[in-house]
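1. sequence and computational prediction follow.
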Amino acid sequence: METGGLTVRMRERWLIPAVCLAQAALIALPVWHFGEIIPVITVSLIVVSGIALLTSVTSALLYLCFIASVISSEFYEDHLMLPGNLHFCEALFMVVWGMAFVAWLQERRLGWRRTRLDRPMLVFLGLVVASIGLGLFYGQDVRQMMRDVRYPLYYVLFFVVTGFFDLRRRGMFLAVLVISAAVVGVEYLIEFVRTVDLSYAGAFYRVARREGLLLPMGVLVLAAAFLYDTSPVRRTIGGFLLVPIGLALVVTMGRAMWGSLLFGLFCVGGLVLLDRGRHRGRRLLILMLIPVLLLGLGYYFQEFTGAGVEDIAAHRLRRTVTEGDLEIQGRLLAYALALEKIWQRPVLGGGHGTTISYLRVDEYSRPYVFTSGGVDNTYLTIMMRMGILGVIAFLWIFLRGLRIAYGMFRRTDDPQLKGFCVAFLAVYAALLVYIMTDNTMMGNRLIFWHACFLGILARLDGDTDETGGDGGCGELERG
């Protein structure tokens, strides 16, 4: 039987199709008035979702992460909203939890798998729930509260992963992450080509979406694969997937994204130097070629399309340090307002639903007043809602995760497990820097990826302790 899978008995097989059918009715019928094409897309998406969810809990988890990231936020909000303002991916999330519950009953477990990340995750989620009550006590707007609190609660998926994910498919998790990043990259390029009139030399349009965080994550996972994956076929496929991801990084012109990516690659280089294995020189050379390749992709993209990539990039970097940048000024103003809110209630925060109004600029550099429950800084956003205790709990999760990953990296000789640990360390070292300029780890559907990444790491940590460092590979060899 597949570890962590879902073997559905005949008398129980009707449960999941019934849920999927109800989900189809809830989603398809309300959007039927949008025209003829959108309902077809929606119903097709639901059918595919139903097929994916009927396989196993592990496959359902991978599908949930994939579908939550490759569909644009605009399409979700316009055509995939359920009654009660429930998101499509949230419906899938609940189905996955239902599948995990049925699997738990079938396995007749008396408890749940325990990991070293359980306690910090429970403390963090407990503070999230407590901040709801705190927000109600302080009279925060309930609708704003519901918008803000839904995303942090996605981290509950961590416990489904620790309970039912098949560790033999951890490589598939990384592959799906890279494929998702490549799909997002293709979407970026399509939007760029559709928006920019390439008949004018130097024309440019900056593409920015919430899903763009997958781009640096995908590059860092590929960097780990290039260094530690033993399959030349997989490394070759990864090289092809790097092209749309790298081009999208050029098109998005995200300064913080570029900086965090370089920091992540620097961390990978440090891990290679600390690795007691062979081929350190070759791996460092491969690693240094990655930013060169990304720069080359940007250069040839500019030559092929005539877009003003070099001029826009130089202008954005120069404006950061020498000229007035409305975007940065707006963020600094928002940070100052957030600090005022934090100073009023520093320990537990003002609860979910806390808002501030500040100046932002659109893609055409036009300023406007924006009211939000957070700012472009995850740490300040958490402190606004949950106080200093919230930030401590948040960092407790990821710093302990980094410590676990580094410990496994140092003690294992399995190249696949080393690659997974390097990918985790690079991604979250980079993200903990990146979120100083972004709120994505508290207000984005990509939290499903973080919850799964953490859950797989926690399971690997337990299995390496039990199997002597093979991370569950012994189970694969016996099967």
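-> Done, it's in.
2. for the stretch 251-400 of the chain, what spans make up the strands?
-> For the stretch 251-400 of the chain, the strands defined by DSSP state E, counting those that start in this stretch cover 356-361, 367-372.
3. adding mean pLDDT, mean neighbour count and distance to Leu153, write the ones you listed out as CSV.
-> Where C-beta positions appear, they are placed from N, C-alpha and C, glycine not excepted. Shown next, in CSV, are those (pLDDT from 0 to 100; neighbours: other CB atoms under 10 Å; distance: least, CB to CB, whole Å):
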stretch, mean pLDDT, mean neighbour count, distance to Leu153
strand 356-361, 73, 17, 22
strand 367-372, 76, 12, 19
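4. now these in JSON lines, with distance to Gly296?
-> Output for those, formatted as JSON lines (distance: least, CB to CB, whole Å):
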{"stretch": "strand 356-361", "distance to Gly296": "31"}
{"stretch": "strand 367-372", "distance to Gly296": "36"}
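5. tell me which of those approaches Leu417 most closely.
-> Nearest to Leu417 among these is strand 367-372; the distance by CB to CB comes to 40.7 Å.
6. any stretches of the stretch 101-250 of the chain with poor pLDDT?
-> 108-112, 196-208 (pLDDT under 70).
7. equivalent analysis for the stretch 301-450 of the chain, please.
-> Using pLDDT under 70, the stretch 301-450 of the chain drops low at 303-327, 359-365.
8. show me where it has helices.
-> Secondary structure of the stretch 301-450 of the chain (DSSP state H, counting those that start in this stretch): helices at 309-321, 326-344, 378-411, 415-434, 447-467.
9. now swap in the stretch 51-200 of the chain and tell me
-> So, for the stretch 51-200 of the chain - with DSSP H, counting those that start in this stretch - the helices run 57-70, 73-79, 88-106, 118-137, 142-149, 157-164, 170-195.
10. any chance of these in a markdown table, with distance to Thr355 too?
-> Putting these into a markdown table (distance: least, CB to CB, whole Å) gives the following:
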| stretch | distance to Thr355 |
| --- | --- |
| helix 57-70 | 26 |
| helix 73-79 | 20 |
| helix 88-106 | 23 |
| helix 118-137 | 11 |
| helix 142-149 | 6 |
| helix 157-164 | 27 |
| helix 170-195 | 29 |
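11. wait, what's in contact with the residue lying closest to Ser73 once chain neighbours are set aside?
-> Excluding its sequence neighbours, the residue lying closest to Ser73 (CB to CB, 6 or more residues apart in numbering) is Arg210, at 5.3 Å. Contacts for Arg210 (CB atoms under 8 Å, 6 or more residues apart in numbering) come out as Ser73, Thr440, Asn444, Arg445, Leu446.
12. hmm, which two among the residues you listed are most spread apart?
-> Ser73 and Thr440 (11.9 Å).
13. please identify which of those two sits among more neighbours.
-> Legend: neighbour count by other CB atoms under 10 Å for Ser73 and Thr440, higher for Thr440 (21 against 13).
14. look up phi and psi at that one.
-> Dihedral pair for Thr440: phi -70, psi -30, per degrees, to the nearest 10.
15. rebuild the helices of the stretch 301-450 of the chain as CSV, extending it with distance to Val268.
-> Putting these into CSV (distance: least, CB to CB, whole Å) gives the following:
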stretch, distance to Val268
helix 309-321, 23
helix 326-344, 29
helix 378-411, 11
helix 415-434, 5
helix 447-467, 16
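16. quick one on the thing from earlier: list just the nearest of the contacts of Arg210 to Val369.
-> Nearest to Val369 out of those is Ser73 (CB to CB; 21.7 Å).
17. quick check: that closest one touching Gly212?
-> No: assessed by CB atoms under 8 Å, Ser73 is found out of contact with Gly212, at 10.8 Å.
18. okay, how far is it across stretch 101-114, tip to tip?
-> Using CA to CA, to the nearest Å, one end of stretch 101-114 lies 17 Å from the other.
19. which ones are touching the closest residue to Cys452 other than its chain neighbours?
-> Closest residue to Cys452 apart from its sequence neighbours, by CB to CB, 6+ apart: Val161 at 5.2 Å. Val161 makes contact with Leu61, Ala451, Cys452, Leu454, Gly455, Ile456, Ala458, Arg459, according to CB under 8 Å, 6+ apart.
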